[in-house]
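[1] take a look and give me a structure for this.
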Amino acid sequence: MAQVRQTKPDRTTSAVPRKTGPKWRVPRLLRLVPAWVFWSGGGILVVVGAFVIFLYLLDWNALRGPIARYASHRIGREVRIEGDLHVRIFSSQPHVDANGIRIANPTWLGPEPAADIRRLTFEFRLLPLLFSGRWVLPLVDIEHAAVEIVREPDGRTNWHSSNGSQGWNIPPIRRFVLNDGRVSIDDRERRLTFNGTIFSQESAGARPDRAFQLLGDGTLNAKPFTADVHGGALIHVDESHPYRFAADIRAGATHVVVHGQITHPFQLGRYSATATITGRNLSDLYDLTQLALPGTPPYRVTGSLVRDGALYRFDHFSGTVGESDLHGDLSVDVSGTVPFIKGTVASRSLAFADLGPLIGSRRWIATPSKGLLPDTPLHVERLRHTNAEVDFTADSMMSRDFPLRGLSTHISLENGVLLLKPLAFDFPRGRIAGFIKIDARPPLAVTNFDARVTGARIEQFIHAGEKPLSGLLEARVVLKGEGNDVRDAALSANGAITVVVPEGRIRRSIAEWLGVDVINGLGLALSGNASDTGLRCAIAHFGAHKGFLNAQKLVFDTDPVLVSGSGNIDLRREAINLVVAGKPKSFQLMRLNVPVTVTGALSHPAIGIKPGPVVMQAGLAAALGFLFPPAALLPFVDANLARNANCTALVAEAGTERAPVKVRRR
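    Predicted coordinates:
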């Protein structure tokens, strides 16, 4: 029987079909990624998911403490959130609602809060914050916010900011609503108290230019102070377009009206505006600006006010000060410890009387001093709080007493030292040039005054139609005194005053009267003779010591008469006491020995005679006439004739005194 060979079926060729299904294949690129990366990514996703679930289920009130502590650290002041805190975080525009926010004052100020906010609601855009760290606030809604601002006399403030001079840069706000906002300011350095209300409401009934308002009043340096700041609606404000605002501020007699725009909304350190300022005295602006400005009569100026961070510019301003016009450009840099003023100021026509308030002139002050010298305080303490470099020029000047043509000076103020140098007044012929320096660093300011008159003519200072006196005039004044007003500085002044007339002409009748030549003087006067005679020289030198001016040299030499004098001027009593006596150079038949006196108040001196010598002269004449009548004329005959003064030596000597003059003989 044959055997049957059994064979195993070929699995590769088996007719039985294999079960197949969809097969996932790992991409070739991912096969190169280590497995630990997948595990790490998965772990991160788990953590993120857990964090999202945590935020979703979080009771935000539990984070009030940590959030407040973080805010306290950022602003350096204790912050508390005493009410509920609600946050909706899962949105492209998260929403935050915080209640009962209190920001404490510094410990040196007391327990009252610096800010108390009943409710603060705001929304912010998430993507700009995540990708660029930039805050954009579509909504800020504040209800019942009270803010207190305090500054001590030493400059300490409860809202100190290291970047305060640059201005606040607030994040862009699309809609800002503020109900029942109140601000109180107690600035003890400026003596300012202010209580105001802030209101911002986008409503159909609101005026378009008054959707935002800050209104308030108080006192500034014991004078009424009011403020009205308002602007347009803040809804849909675009930070790429300017935001317009207006302000009306009154502080005593000072009135400031501003119409301007913030270049980039909510960047309060940059804006431009047109400002009009009126008031009784520019120096009153110190209370508002902390800038030491000069005293002036009533003024009105308008210009372009621009702020660029710590730099303020008042460009192309113009206006009137008293009877004078002013125009120019000024800038104020507040980035340093004290403001720095720089610029140029000019006047086409300057009234000399408008310079009076610089030294406390009685014309523009409410309570003038009783004497000739003003005792109005110069507020020299303000000079320690401002630095400046300013050029001032006047093309022409108006004056009833002096033939002035122009003025130019450079004003420098640095670390409490004010210097006006050069300081020059121009006459039709000649000028006054010198400097004034006030050192306000010590408790009593030290004033140095040095002025020189060169190339001037006497006749241009005489207002009479016919000039009885003419000639070249040279003078020098060098004084130094202490005091915080002109009067005190003058009463303590030391120095010298020298006046020289090297040559000139004088009406002959006046010269004869100076020599008390009765016959010649009376004859010339009655005949109307206006002829003149030579003025060989005139020298007057006064030494100053603590406000007392003593005539150390007083010589008036004419062709017919030599006049000499003595005396003093007492600035404390504002009194003058001078005596001059003329001596003829030729024989006179009738000469009275009558010295001429100038006495009385410095503002209204009286001219008289000293009767003693002439009484003796008359008595002697009477006695001789009793014995022999023709002999009565002998006492009136002066045989002791004067000689010409050595003018060359006198003029040269004047140049070596403490107040030397430079004389150009002609």
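[2] give me the number of residues near residue 220?
    By other CB atoms under 10 Å, 23 other residues sit near residue 220. Where you see a C-beta, it was placed from the backbone N, CA and C, and this is true even at glycine.
[3] my guess is it contacts residue 251. True?
    Yes: applying CB atoms under 8 Å, one finds residue 220 in contact with residue 251, separated by 4.5 Å.
[4] now the common contact residues for those two.
    287, 288 (CB atoms under 8 Å, 6 or more residues apart in numbering).
[5] from residue 339, how far out is residue 385?
    Going from residue 385 to residue 339 by CB to CB, to the nearest Å gives 8 Å.
[6] if you count surrounding residues, which of these two has more?
    Ranked by neighbour count (other CB under 10 Å), residue 385 and residue 339 place residue 339 first, with 20 against 16.
[7] need the pLDDT of the more buried one.
    Note for residue 339: predicted pLDDT of 94.
[8] same thing with residue 58?
    Note for residue 58: predicted pLDDT of 68.
[9] now do the shared contacts for residue 385 and residue 339.
    Between them, residue 385 and residue 339 share the contacting residues residue 290, judged by CB under 8 Å, 6+ apart.
[10] and residue 74, what element?
    In the assignment (DSSP states H and E), residue 74 maps to helix 64-75.
[11] may I see the buried residues of that helix?
    Buried residues in helix 64-75, counted by 16 or more other CB atoms under 10 Å: 64, 67, 68, 71.
[12] output these as TSV; include the columns distance to residue 344.
    Output for the buried residues of helix 64-75, formatted as TSV (distance: CB to CB, whole Å):
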residue	distance to residue 344
64	57
67	53
68	53
71	47
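[13] how about these in JSON lines, adding distance to residue 79 and pLDDT?
    Converted to JSON lines, these look like this (distance: CB to CB, whole Å; pLDDT from 0 to 100):
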{"residue": "64", "distance to residue 79": "10", "pLDDT": "88"}
{"residue": "67", "distance to residue 79": "9", "pLDDT": "87"}
{"residue": "68", "distance to residue 79": "5", "pLDDT": "90"}
{"residue": "71", "distance to residue 79": "4", "pLDDT": "85"}
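[14] which outside residues touch the helix holding residue 74?
    78, 79, 80, 81, 85, 103.
[15] okay, and which of the residues you listed map to strands?
    Of the positions in the contacts of helix 64-75, 79, 80, 81, 85, 103 sit in strands, assigned by DSSP state E.
[16] which parts of the stretch 451-600 of the chain are strands?
    Applying DSSP state E, counting those that start in this stretch to the stretch 451-600 of the chain gives strands spanning 469-482, 494-501, 504-507, 532-545, 548-558, 561-570, 575-584, 596-601.
[17] which of these sits closest to residue 242?
    Of all the strands of the stretch 451-600 of the chain, strand 469-482 sits nearest to residue 242, with 52.3 Å by CB to CB.
[18] coming back round to it: now the strands of the stretch 451-600 of the chain in TSV, please, with extra columns for mean pLDDT and distance to residue 278.
    Output for the strands of the stretch 451-600 of the chain, formatted as TSV (pLDDT from 0 to 100; distance: least, CB to CB, whole Å):
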stretch	mean pLDDT	distance to residue 278
strand 469-482	93	35
strand 494-501	93	40
strand 504-507	87	49
strand 532-545	90	41
strand 548-558	91	42
strand 561-570	90	41
strand 575-584	86	41
strand 596-601	87	38
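[19] got the ones you listed as JSON lines, with mean neighbour count columns?
    Listed next are these as JSON lines, based on neighbours: other CB atoms under 10 Å:
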{"stretch": "strand 469-482", "mean neighbour count": "20"}
{"stretch": "strand 494-501", "mean neighbour count": "21"}
{"stretch": "strand 504-507", "mean neighbour count": "22"}
{"stretch": "strand 532-545", "mean neighbour count": "21"}
{"stretch": "strand 548-558", "mean neighbour count": "19"}
{"stretch": "strand 561-570", "mean neighbour count": "19"}
{"stretch": "strand 575-584", "mean neighbour count": "19"}
{"stretch": "strand 596-601", "mean neighbour count": "16"}
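[20] okay, the ones you listed in TSV with distance to residue 396 next?
    Below are the strands of the stretch 451-600 of the chain laid out as TSV (distance: least, CB to CB, whole Å):
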stretch	distance to residue 396
strand 469-482	22
strand 494-501	27
strand 504-507	28
strand 532-545	31
strand 548-558	33
strand 561-570	33
strand 575-584	33
strand 596-601	33
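[21] closest one to residue 187 among those strands?
    strand 469-482 (31.8 Å).
[22] partners of that closest one, with directions?
    strand 446-457 (antiparallel), strand 494-501 (antiparallel), strand 504-507 (antiparallel) (DSSP bridges).
[23] please dump those into a markdown table; it should also carry distance to residue 324 for every row.
    Converted to a markdown table, the strands paired with strand 469-482 look like this (distance: least, CB to CB, whole Å):
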| stretch | distance to residue 324 |
| --- | --- |
| strand 446-457 | 22 |
| strand 494-501 | 29 |
| strand 504-507 | 34 |
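[24] tell me which of the ones you listed sits nearest to residue 92.
    For these, the distance to residue 92 is smallest for strand 446-457, at 68.3 Å, taking CB to CB.
[25] what's the closest one in contact with?
    423, 427, 429-439, 470-483, 489, 495, 661-662, 664.
[26] just stretch 191-203 next, same as before
    Stretch 191-203 has contacts (CB under 8 Å, 6+ apart) with 145, 175-187, 211-222, 225, 227, 233-235, 287.
[27] those residues in strands, which ones?
    Among the contacts of stretch 191-203, the members falling in strands (DSSP E) are 145, 176-187, 212-220, 225, 227.
[28] PyMOL command for the buried members of those?
    The PyMOL selection below is limited to those of those classed as buried (16+ other CB under 10 Å):
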select buried, resi 145+176+177+178+181+183+185+186+187+212+213+214+216+218+220+225+227
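[29] can you classify residue 131 by secondary structure?
    Three-state assignment for residue 131 (DSSP: H, G, I helix; E, B strand; the rest coil): helix.
[30] of the buried residues of helix 64-75, closest to residue 412?
    Nearest to residue 412 among the buried residues of helix 64-75, with distances taken as CB to CB, is residue 71, at 46.3 Å.
[31] and that closest one, how close does it get to residue 225?
    33 Å.
[32] repeat for residue 566
    Taking CB to CB, one finds residue 566 at 58 Å from residue 225.
[33] give me the domain ranges for this protein.
    Taking automatic domain parsing as the reference, the chain has its domains at 57-269, 455-654.
[34] so which of those is the most surrounded?
    Mean neighbour count, computed with mean count of other CB atoms under 10 Å, is highest for domain 455-654 among the domains of the chain, reaching a mean of 17.
[35] got the end-to-end distance for it?
    In terms of CA to CA, to the nearest Å, the two terminal residues of domain 455-654 are separated by 16 Å.
[36] let's number from 25 now, not from 1
    With 25 as the first residue, the last one maps to domain 479-678.
[37] can I get stretch 367-377 in CSV? Just the C-alpha atoms.
    Presented in CSV, the C-alpha positions along stretch 367-377 are these (Å, rounded to 0.1, in the frame of the first residue of the first chain):
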residue,chain,number,x,y,z
GLY,A,367,15.8,132.7,26.9
THR,A,368,15.6,136.2,25.5
VAL,A,369,13.1,139.0,26.3
ALA,A,370,12.9,142.3,24.4
SER,A,371,10.9,145.5,24.3
ARG,A,372,10.4,147.8,21.4
SER,A,373,9.3,150.6,23.8
LEU,A,374,10.1,150.4,27.5
ALA,A,375,8.8,152.9,30.0
PHE,A,376,11.5,153.7,32.6
ALA,A,377,8.8,153.9,35.3
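[38] mean confidence for that stretch?
    The average of the pLDDT scores along stretch 367-377 is 94.
[39] thank you, goodbye.
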